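Student: Sequence and predicted model, in that order:
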Amino acid sequence: MQTYEEAMTQLEDIARQMESGNVPIDTLAEKLAKAQELLAFCRDRLTKVDEQVNQLLEAETANNKK
């Protein structure tokens, strides 16, 4: 299982390659598919972490009201 940071590093590498024009046309679709996969992974991780943080904050707020 990869971490969010590893996925972001891979995305940055793909973006740099594409921006530099160093992606052969034969591998362009493959790179784009990998980027989409990595984006979905990162989006999912961010959503889950956001939910966890909100739950913790809600629990903390509830504890402070007691």
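Tutor: Thanks, I have the structure now.

Student: List the residues that contact the closest residue to Ala35 other than its chain neighbours.
Tutor: Spatial nearest neighbour of Ala35, chain neighbours left out: Ile14 (5.0 Å); criterion: CB to CB, 6 or more residues apart in numbering. Any C-beta I mention is one placed from the backbone N, CA and C, and that applies to glycine too. Contacts of Ile14 were listed using CB atoms under 8 Å, 6 or more residues apart in numbering, and they are 31, 34-35, 38.

Student: mind checking pLDDT for Ile14?
Tutor: pLDDT for Ile14: 94.

Student: Repeat that for Lys66.
Tutor: pLDDT recorded at Lys66 is 68.

Student: coming back round to it: tell me which element the residue nearest to Ala35 falls in.
Tutor: Taking DSSP states H and E as the definition, Ile14 sits inside helix 4-20.

Student: export that helix as CSV, just CAs?
Tutor: C-alpha atoms of helix 4-20 as CSV (Å, rounded to 0.1, in the frame of the first residue of the first chain):
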residue,chain,number,x,y,z
TYR,A,4,-0.4,9.8,0.2
GLU,A,5,3.1,11.3,-0.1
GLU,A,6,4.3,8.6,-2.4
ALA,A,7,1.3,9.1,-4.6
MET,A,8,1.9,12.8,-4.7
THR,A,9,5.6,12.3,-5.6
GLN,A,10,4.6,10.1,-8.5
LEU,A,11,2.0,12.6,-9.7
GLU,A,12,4.6,15.4,-9.6
ASP,A,13,7.0,13.2,-11.6
ILE,A,14,4.4,12.5,-14.2
ALA,A,15,3.5,16.2,-14.4
ARG,A,16,7.1,17.2,-14.8
GLN,A,17,7.6,14.7,-17.6
MET,A,18,4.5,15.9,-19.4
GLU,A,19,5.4,19.6,-19.0
SER,A,20,8.9,19.0,-20.3
